[in-house]
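**Q** just a sequence and a predicted model for now, questions to come.
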Amino acid sequence: MRLKLWGVRGSIPVPGVTTIRYGGNTSCVQVLPEDGTILVIDAGTGIRKLGKRLMQSACGRGQGDVHLLISHTHWDHIQGLPFFAPLYREGNRVTVYARGREDTHLDVVLKSATKDPYFPVPFDAVQAETAYRELREGESFYIGACKVSCARLNHPWIALGYRVEEAGRAFTYISDTAPFSDVLLEHDFISSPPTPGDRPSPENVAKLRQMERALVDLCRGCSLLVFDTMFTDEEYRQRPHWGHSSPAHALAIARKAGVGRLVLFHHAPNRTDDQVDQILAETRGGAPDMEIIAATEMAELEV
Ligand SMILES: [Zn+2]
Ligand SMILES: [Zn+2]
């Protein structure tokens, strides 16, 4: 199984001369399993180019069967979807998976993003057959020969991390999450960081520990871990309530799960290529036993 990275950025696309090497498109990772299943994780702006590539094969003939796992529906993880060409070819089938919500349904959320006055083409006008599957954390299911499992992440309004396993090889995709120590992020808008010295309530500490245990179990035995490392440690200290991690947090999870290869992912929009180089060098310097890669648009990784 291989991965191809079509978008590695967080928050908003940032094309330009300072992001040209690592890339400016938002989150989108294609999984290339040996059995040929079309499997994609997240639909940030990177999915536009992936869609064009897919149209050169079965999707172009209206015979594509695309499976799209969404970590959560924040803009940077879905904003490429209206530009995903396989949706506009009759005969294709696109199945979207994401965590179910109590208050609404996944198709309603996605359709609302392209409603007038935001976009000229309503989602109901796409020609492909669409299907939606709402998930719960802890669930496992098969897509072709791939076993997919998911766990909850510590992010405002909740995100899911995914593990994909085929023929004994597995990787995990964790975007977006805060570490499991300082703030429990659920369904409330938290406008400011906790007062220094304040700890979460015992009930919330228990929830965070349980969430971390489930995430470490999800990652265990993987040969590759793709992880949200949008923040530096200093940025995290200022914004622990934003729902993102630093490379140190990612390394801690990788070590707990016994994973030896880590991909730094979801680069901050204001991070220049040179700054990513520097973060990569510092992270590698502190973890000589690990293979650490900074996610680069269009890169392919062997799982
Ligand atoms: Zn994000
Ligand atoms: Zn998010």
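**A** Ah, there it is. Numbers count the residues shown, from 1 in each chain. Ligands and ions are numbered 1, 2, ... in the order given.

**Q** near ligand 1, which residues of the stretch 101-250 of the chain?
**A** Selection of the stretch 101-250 of the chain residues close to ligand 1 by Cβ under 5 Å from the ion yields Asp176. Using the backbone N, CA and C atoms, a C-beta is placed for each residue, glycine as well.

**Q** how many residues are close by the residue of the stretch 101-250 of the chain found nearest ligand 2?
**A** At 4.1 Å from ligand 2, Asp176 is the closest residue in the stretch 101-250 of the chain, using Cβ to the ion. Using other Cβ atoms under 10 Å, Asp176 has 28 other residues around it.

**Q** who touches the nearest residue to Trp6 once chain neighbours are set aside in this structure?
**A** Nearest in space to Trp6, with sequence neighbours left out and distances taken as Cβ to Cβ, 6 or more residues apart in numbering, is Gly46 at 3.4 Å. Gly46 makes contact with Leu5, Trp6, Gly7, Val8, Gly23, Asn25, Thr26, Ser27, Cys28, Gly80, Glu297 under the criterion Cβ atoms under 8 Å, 6 or more residues apart in numbering.

**Q** among those, which are in strands?
**A** Leu5, Trp6, Gly7, Cys28 (DSSP state E).

**Q** quick one: the third one from ligand 2, how far?
**A** It stands for Gly7. Distance, Gly7 to ligand 2, using Cβ to the ion, to the nearest Å: 14 Å.

**Q** could you tell me which residues of the stretch 151-300 of the chain lie near ligand 2?
**A** Within reach of ligand 2 by Cβ under 5 Å from the ion, the stretch 151-300 of the chain has these residues: Asp176.

**Q** which residue does the stretch 151-300 of the chain bring closest to ligand 1?
**A** For the stretch 151-300 of the chain, Cβ to the ion, closest residue to ligand 1: Asp176, 4.3 Å.

**Q** isn't that residue right up against His74?
**A** Yes: in this structure, Asp176 is within contact of His74 by Cβ atoms under 8 Å, at 7.4 Å.

**Q** my guess is the residue of the stretch 151-300 of the chain closest to ligand 1 is in a helix, correct?
**A** No: if the criterion is DSSP: H, G, I helix; E, B strand; the rest coil, then Asp176 is coil and not within a helix.

**Q** pLDDT on stretch 144-161, on average?
**A** Per-region confidence: stretch 144-161 scores 97 on mean pLDDT.

**Q** quick one: buried residues of it?
**A** By 16 or more other Cβ atoms under 10 Å, the buried positions in stretch 144-161 come out as 144, 146, 148-156, 158-161.

**Q** so which of these is the closest to Glu234?
**A** Closest to Glu234 out of these is Asn154 (19.6 Å), distances taken as Cβ to Cβ.

**Q** pull the number of nearby residues for Pro117.
**A** Neighbours around Pro117, by other Cβ under 10 Å: 5.

**Q** and it, its phi and psi?
**A** The phi and psi values for Pro117, taken as degrees, to the nearest 10, are phi -100, psi 20.

**Q** any idea how far it lies from Pro13?
**A** Pro117 is 21 Å from Pro13, where distance means Cβ to Cβ, to the nearest Å.

**Q** Ile293 too?
**A** 21 Å.

**Q** same question for Gln79.
**A** The gap separating Gln79 from Pro13 is 8 Å, by Cβ to Cβ.

**Q** ditto for His155
**A** Distance, His155 to Pro13, using Cβ to Cβ: 20 Å.

**Q** what does Phe171 give?
**A** Plainly put, Phe171 is 24 Å away from Pro13 if you go by Cβ to Cβ.

**Q** these two: who's more crowded?
**A** Between Phe171 and Pro13, counted using other Cβ under 10 Å, Phe171 has the larger neighbour count: 26 against 20.
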